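A.B. asks: make a model of this:
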Amino acid sequence: MLLICSGPDTWRARQKARELLDAFKAKHDKTGFSTEVIIGEDLGYVLSLIGTPSIFCPKRLIRFDGLLDGVKTSELRMLAKRLKEDGDNNIILTVEEEPPTEKILTELKEIKVFQYPFPLTEGLKFVQWCQDQAKAMDVGKAKATEAANRCQGDSWMAMNELAKLSANENAPWAELEYESGSVYEVIDAYFMNKADWREQVRSRSDEQISSVVMNQAKSAIKVKDNAPMKIPYFAVKKMQNYVKTRVAKSVYSGIAALVGSRSGLMVQDEVDSLL
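C.D. replies: The predicted structure follows:
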């Protein structure tokens, strides 16, 4: 048997995986000897476990996240063969970034596969989800609603915000923390090609700006390529307004400025001139 909890909302997928693991322990493994979480191994190790009976419990649950990530067809067929022969003695649980493809499911058609997909939620559904999570964390409904509106479907960011609020109801929002440093205002001015960006760059007297330029440029390229995973929603919206040609150039100039500054080969004025 194979249980697949998949994203792209990987926070909720992992939450479901924890629930499934806890349910298995409560029903089949109260001592905890017949559950195993595998980290840092490959599929071959998982295959070696299947078919090896547990002396403590007739059923065993093995959690191995990313099981299907880059898996070969031959490996899929071997996994399906082992699980089919095994029956329900071993249950494999995995968390995946994306739902399995039709090709993968076709190779697994001979075994029991249960899918728990978690697409990104938006609008009122996301607000309700944030309110439900906030209630369990003793965070007010109004704060939960504001967190939902700020995070715009990013459950990882929302849970981080709610965790902060559960400890301190006056904790600053991540967006405010992001914008509070003037270095980010300078970076935004540079990438948006605002009229006074040169003056803003020269107003900074430390090397921080060089490293931030490079990091922001790399993030902006991810946004441009429609792969903004783990980048806060407010940052994504801002980076969509960056001048694209400037972003590509800045990855290289940012590296050169950083190396020149830290190696002592350039003074600050020379570093700034690379931007």
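
A.B. asks: looking at residue 163 now. What's its pLDDT?
C.D. replies: Predicted confidence (pLDDT) at residue 163: the value is 92.

A.B. asks: ok, now the one 5 residues further on?
C.D. replies: At residue 168, the predicted lDDT confidence score is 89.

A.B. asks: distance of it from residue 107?
C.D. replies: 50 Å (C-beta to C-beta, to the nearest Å). To be clear about C-beta, it is placed using only N, CA and C from the backbone, and glycine gets the same treatment.

A.B. asks: repeat that for residue 36.
C.D. replies: Taken as C-beta to C-beta, the spacing of residue 36 relative to residue 107 amounts to 24 Å.

A.B. asks: who has more neighbours out of these two?
C.D. replies: Each of residue 36 and residue 107 had its neighbours counted (other C-beta atoms under 10 Å), and the higher figure belongs to residue 107 (19 against 15).

A.B. asks: hmm, the more buried one is touching residue 73, no?
C.D. replies: Yes - here residue 107 lies in contact with residue 73, judged by C-beta atoms under 8 Å, at a distance of 6.4 Å.

A.B. asks: ok, then the element right after the least confident helix or strand in the chain by mean pLDDT?
C.D. replies: Taking mean pLDDT, DSSP states H and E as the measure, the helix or strand of the chain with the lowest value is helix 174-180, at a mean of 51. The C-terminal neighbour of helix 174-180 among helices and strands, as given by DSSP states H and E, is helix 182-191.

A.B. asks: buried residues in that following helix, which are they?
C.D. replies: Of the residues in helix 182-191, those buried by neighbour count under the rule 16 or more other C-beta atoms under 10 Å are 183, 184, 186, 187, 188, 189, 190, 191.

A.B. asks: can you put those residues in TSV and add pLDDT and distance to residue 200?
C.D. replies: Shown next, in TSV, are the buried residues of helix 182-191 (pLDDT from 0 to 100; distance: C-beta to C-beta, whole Å):
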residue	pLDDT	distance to residue 200
183	69	10
184	70	11
186	77	4
187	76	9
188	78	9
189	79	5
190	77	7
191	78	12
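
A.B. asks: identify, from the residues you listed, the entry nearest to residue 157.
C.D. replies: Nearest to residue 157 out of the buried residues of helix 182-191 is residue 184 (C-beta to C-beta; 16.8 Å).

A.B. asks: just the buried positions in stretch 91-103, please.
C.D. replies: For stretch 91-103, a neighbour-count test (16+ other C-beta under 10 Å) marks 91, 92, 93, 94, 95, 96, 99, 100 as buried.

A.B. asks: meant to ask about stretch 109-118
C.D. replies: Under 16+ other C-beta under 10 Å, the buried positions of stretch 109-118 are 111, 113, 116, 117, 118.

A.B. asks: give me the number of residues near residue 89?
C.D. replies: Under the neighbour criterion other C-beta under 10 Å, residue 89 is assigned a count of 17.

A.B. asks: flag the shaky bits of the stretch 151-275 of the chain, pLDDT-wise.
C.D. replies: Residues of the stretch 151-275 of the chain that meet the criterion pLDDT under 70 lie in 174-183, 201-212, 214, 226-234, 243-246, 248, 250-252, 254-255, 257-258, 260-275.

A.B. asks: kindly recompute the last result at 80.
C.D. replies: Judged by pLDDT under 80, the stretch 151-275 of the chain has its weakly predicted residues at 152, 173-194, 196-275.

A.B. asks: for it, just list every one of the strands.
C.D. replies: Along the stretch 151-275 of the chain, no stretch is classed among the strands by DSSP state E, counting those that start in this stretch.

A.B. asks: show the residue spans covered by the helices in it.
C.D. replies: 155-167, 174-180, 182-191, 197-202, 208-224, 233-239, 244-263, 268-273 (DSSP state H, counting those that start in this stretch).

A.B. asks: quick one on the thing from earlier: how about the buried residues of stretch 91-103 in a markdown table, adding pLDDT, distance to residue 129 and secondary structure?
C.D. replies: Conversion of the buried residues of stretch 91-103 to a markdown table gives the following (pLDDT from 0 to 100; distance: C-beta to C-beta, whole Å; DSSP: H, G, I helix; E, B strand; the rest coil):
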| residue | pLDDT | distance to residue 129 | secondary structure |
| --- | --- | --- | --- |
| 91 | 92 | 27 | strand |
| 92 | 95 | 28 | strand |
| 93 | 96 | 23 | strand |
| 94 | 96 | 23 | strand |
| 95 | 94 | 18 | strand |
| 96 | 93 | 20 | strand |
| 99 | 93 | 19 | coil |
| 100 | 94 | 24 | coil |
